[in-house]
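1. just coords:
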Ligand code: BGC
């Protein structure tokens, strides 16, 4: 069982979270699932004429690169005569999808399959909702094939409760190569170099750093700044252990100051935009740099851009040795077990070499296999794979993307960070105090320690 899951909320906590989801404004108007026309192109053909079993799959993969990746899964499943019934909820980082999923489960209509990442497995599995995939995992030799971090994430009290797809790296700094070449710039390796590059970009009328004020995007940037402070050990003390000492530490204050200072190299006011729009600013040369998870690379590729040609990927300054990760997985709801055979086929497909290679190529991620075929990886993926392969001491579990702690704690921290980011009247010391009290309150209540 993953270390973060030690903090998973108990049954009462889950019921409370579910009830809150129902009462929240976001529940009143849940995001609309994508119309069939917006589904991956590959799905149309595979669905037609299919008479076999089908699986409803809830996910939030709706961008160009994400849809191509989903297309790989749909086609592989169709080859086994199983239909993928697409239930895509738009919204980066699954903000909307998480709420819809909770409401469906509460109403007794859980989908057969869901993209359900991280610590939350423990919560659903403890309620007996998830199908155990132990037989598939044993037959497929998953424990031996997977990176230990991925294997431990899938396990809940000794049972495998999800099928892994790929590993995303979050601490990427993308840069526009044409803009950098025109201005004679090199990707910054330190924050001093970053400031020099940003100043030159600004002088040339280019926005130095593309950024949205959407809460999860602000927090995604912030978690890379925390990692840059002093690596994964401190990062884990903060976001996995929720240690009061770590929240009082000068390094947190410093990361908050950096977040605020970075606004000076963004386009002001920083607007609330989807990550795909922000990625376009980098691709179009409107902005010179962009810090984002490598699902953005999946979209750059889908738009016809290639690594080391139109865009480059460096690490966020100070984080080159580290891998801030998010692992995508599919969990299956057991219900009355009538879908078990089809669900097990999908789990097998997720781990197959073809899907590991093709799906992850489109998705921008790397395979969950510790020794994958690296021959077709671009330099960004190779770098990500090499860094992740260095082991747990170099890996940091993403807070925002559900690898570090439970949903309630994550949502509270993310909301506070956004408030601080958009409101310059809130001081760094003030938000540090608020974050510390969130961590104190939530690590005391509702959780199984
Ligand atoms: C997920 C990715 C997804 C990204 C953007 C992350 O939380 O792990 O699969 O592409 O959000 O929505």
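-> Everything's here; your move. Please read these numbers as outputs of a predicted model, since none were measured by experiment.

2. all helices for the stretch 1-150 of the chain, in order.
-> For the stretch 1-150 of the chain, applying DSSP state H, counting those that start in this stretch gives helices covering 11-23, 25-28, 41-47, 64-79, 95-106, 120-126, 134-139, 142-145, 148-154.

3. sorry, that was for the stretch 151-300 of the chain
-> Assigned by DSSP H, counting those that start in this stretch, the helices in the stretch 151-300 of the chain fall at 177-182, 191-203, 215-230, 232-239, 244-247, 250-262, 275-283, 295-302.

4. tell me which strands and helices the first one is in contact with?
-> Pointing back at helix 177-182 there. strand 311-315 (3 or more CB pairs under 8 Å, 6 or more residues apart in numbering; DSSP states H and E). Every C-beta, even on glycine, is put in place using the N, C-alpha and C of the backbone.

5. where does pLDDT dip in the stretch 201-350 of the chain?
-> In the prediction, the stretch 201-350 of the chain carries no residues with pLDDT under 70.

6. cool, the stretch 51-200 of the chain as well?
-> If you take pLDDT under 70 as the line, the stretch 51-200 of the chain has these spans: 51.

7. near the ligand, which residues of it?
-> Where the stretch 51-200 of the chain comes near the ligand, counting by CB under 6 Å from any ligand atom, the residues are 60, 61, 66, 92, 93, 94, 117, 168.

8. JSON lines for the helices of the stretch 151-300 of the chain, including mean neighbour count?
-> Below are the helices of the stretch 151-300 of the chain laid out as JSON lines (neighbours: other CB atoms under 10 Å):
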{"stretch": "helix 177-182", "mean neighbour count": "15"}
{"stretch": "helix 191-203", "mean neighbour count": "16"}
{"stretch": "helix 215-230", "mean neighbour count": "23"}
{"stretch": "helix 232-239", "mean neighbour count": "20"}
{"stretch": "helix 244-247", "mean neighbour count": "16"}
{"stretch": "helix 250-262", "mean neighbour count": "17"}
{"stretch": "helix 275-283", "mean neighbour count": "21"}
{"stretch": "helix 295-302", "mean neighbour count": "24"}
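
9. and of those, who's closest to residue 76?
-> Closest approach to residue 76 among these is made by helix 295-302 (17.8 Å; CB to CB).

10. and the closest one, what does it pack onto?
-> So helix 295-302, by 3+ CB pairs under 8 Å, 6+ apart, packs with helix 64-79, strand 172-176, helix 275-283, strand 311-315, helix 353-363.

11. which residues touch the second one?
-> Think strand 172-176. Here strand 172-176 makes contact (CB atoms under 8 Å, 6 or more residues apart in numbering) with 185, 187-188, 282-283, 285, 287-294, 296-297, 300, 310-317, 380.

12. same check on the third one?
-> Under the criterion CB under 8 Å, 6+ apart, residues 63-64, 92, 174-176, 207, 210-212, 214, 217, 286-290, 292, 296, 299-300, 303, 305, 310-311 lie in contact with helix 275-283.
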